[in-house]
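> after the sequence you'll find the predicted model.
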Amino acid sequence: MRNSDITFLVQGPIRDRTKESLESIRKYCPESRVILSTWQGEDTSGLEYDELVLNEDPGSLKIFLDDDVVNYENTNRQIYSVSNAISHVKTEYCVKTRTDIEFTSDNFITFYKDNYLKYCRDSDNTILKQRVLISSINTPNPNCFLQFVCQVSDWFFFGLTEDLKKIWCQDLISQSDYYHNEDNVPDRKYKNGFYFGRFSSEQLITLGFIKGHHEDLPTYFRDKNFVDFTNRLLSSEFIVAEPNRIGFTFLKYQNYCELNLKNISDLKGFMAFYAVTTNYIRWNQLSRKYCEKKRSNIKYIIHEKLCMIASLYLKKKTYKL
């Protein structure tokens, strides 16, 4: 695989660090094509890209609490700006990324090649042609106390262009499809102050991807009946790894993306997210179990136990439970 085989689809509004984000792609993948997909009216002067896609704004979804609008959800904006621009991708491989993500290396290329065929897949239950590499952060471990199901991080995707099209070329979400009054949503405490409807933004995108292939879907964000389904989905359709393994950082959440041993607060944040997400070691464990039908070895078992202990501490400290 060469740089020239890859197109970067950079999606989102123009932000303070978008210039640096685009420059980081040029630094590590100079022969790759860069498509910037943003909104009509955005100032793109001085930015480095090969093609610009200016989208009309499809608008946001409203989230209600006691009949009052308490938040707006931008999932449709992300779906529209990605699906509208991905038709412009002509290379075999594609990276979907954001206008506020900066690359620190091209490790994702070698990492993908080392892992997409590492384990067999269940050919009767696969949607994608090959596995797609995604970020562990915002891909929760459904077995931990948070129990978010069918949630795949929307930060970064790398794989075959035809597979990214299967994920992102989906219908926009109607106001009535997934959103309703927050008072009717169980386990609101686990939203940790965030206002969203029955599902998070990442869950909405994941459900939009799989709903044409699976009849049964979760009823809300912590539907425990879909824990096993989520683990199978992650093991067969994706490769899940931490941003520092993939080779990018997200400055808004830099302390979660980069291990900083010099700062106790940053270290706690990194370890907290590591413990409650599907990290690379956990993904290997899932793949051995669901794809290879093998028992987990002692290293994986110890790792899982340590993550569970850390997540229980986080539960007690954050939620007082």
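Arrived safely.

> CA atoms for contacts and neighbours, from now on please.
Will do.

> all helices of the stretch 51-200 of the chain, in order?
Ranges of helices within the stretch 51-200 of the chain are 75-86, 107-115, 161-168, 175-178, based on DSSP state H, counting those that start in this stretch.

> please work out which of these is packed deepest.
Counting by mean count of other C-alpha atoms under 10 Å, helix 75-86 has the highest mean neighbour count of these, with a mean of 22.

> ok, residues contacting that one?
Residues from elsewhere that reach helix 75-86, judged by C-alpha atoms under 8 Å, 6 or more residues apart in numbering: 9, 11-12, 35, 37-38, 53, 55, 57-61, 96, 165, 168-170, 172-173, 201, 204-205.

> before we move on, what about stretch 225-245?
Stretch 225-245 is contacted by residues 107-108, 111-112, 115-116, 121-122, 126-128, 130-137, 142-143, 147, 149-151, 217-218, 249, 257-258, 278-280, 283-284, 286-287, 290-291 when judged by C-alpha under 8 Å, 6+ apart.

> start and end of it, how far apart?
Across stretch 225-245, the terminal residues are separated by 31 Å (C-alpha to C-alpha, to the nearest Å).

> and that stretch, how far out from the chain's middle?
10 Å (C-alpha atoms, centre = their mean, to the nearest Å).

> may I see the buried residues of that stretch?
Across stretch 225-245, burial judged by 16 or more other C-alpha atoms under 10 Å covers 226-227, 230-245.

> same check on stretch 68-75?
The neighbour-count check on stretch 68-75 (16+ other C-alpha under 10 Å) flags 71, 73, 75 as buried.

> closest to residue 317 out of the residues you listed?
residue 71 (26.4 Å; C-alpha to C-alpha).

> ok, that closest one to residue 196 distance?
8 Å.

> anything in contact with each of these two?
Common neighbours of residue 71 and residue 196, counting by C-alpha under 8 Å, 6+ apart, are residue 63.

> which of the contacts of stretch 225-245 are buried?
108, 111-112, 115-116, 121, 127-128, 130-137, 142-143, 147, 149-151, 218, 249, 257-258, 278-280, 283-284, 286-287, 290-291.

> so which of those are in strands?
Under the assignment DSSP state E, the buried ones among the contacts of stretch 225-245 contribute 132-135, 249 to strands.

> now, which of the residues you listed sits nearest residue 21?
Closest to residue 21, out of all of those and judged by C-alpha to C-alpha, is residue 249, at 9.8 Å.

> how far away is that closest one from residue 101?
6 Å.

> please apply the same query to residue 259.
In terms of C-alpha to C-alpha, residue 259 sits 17 Å off from residue 101.

> I'd assumed residue 91 was in contact with residue 7.
Yes: Residue 7 is within contact range of residue 91, at 6.2 Å (criterion: C-alpha atoms under 8 Å).

> neighbour count: these two, which is higher?
residue 7 (26 against 16; other C-alpha atoms under 10 Å).

> which SS class is the more buried one?
strand (DSSP: H, G, I helix; E, B strand; the rest coil).

> quick one: residues contacting it.
Contacts of residue 7 by C-alpha under 8 Å, 6+ apart are 32-35, 89-91, 93-95.

> quick one: buried ones out of these?
Among the contacts of residue 7, those buried by neighbour count (16+ other C-alpha under 10 Å) are 32-35, 89, 91, 93-95.

> CSV for those, including pLDDT and distance to residue 189?
Listed next are these as CSV, based on pLDDT from 0 to 100; distance: C-alpha to C-alpha, whole Å:
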residue, pLDDT, distance to residue 189
32, 98, 44
33, 98, 43
34, 98, 41
35, 98, 39
89, 97, 41
91, 98, 44
93, 98, 40
94, 98, 37
95, 98, 35
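
> and residue 28, what does it touch?
Residues near residue 28 by C-alpha under 8 Å, 6+ apart: 103-106.

> one more pass at 7 Å, please.
105-106 (C-alpha atoms under 7 Å, 6 or more residues apart in numbering).

> can you check residue 196 too?
Taking C-alpha under 7 Å, 6+ apart as the test, what residue 196 contacts is residue 63.

> strands along the protein, start to end?
6-11, 33-39, 51-55, 61-65, 68-73, 93-98, 101-103, 132-135, 157-160, 238-241, 248-250.

> and of those strands, who's closest to residue 308?
Nearest of these to residue 308, taken as C-alpha to C-alpha: strand 238-241 at 18.1 Å.
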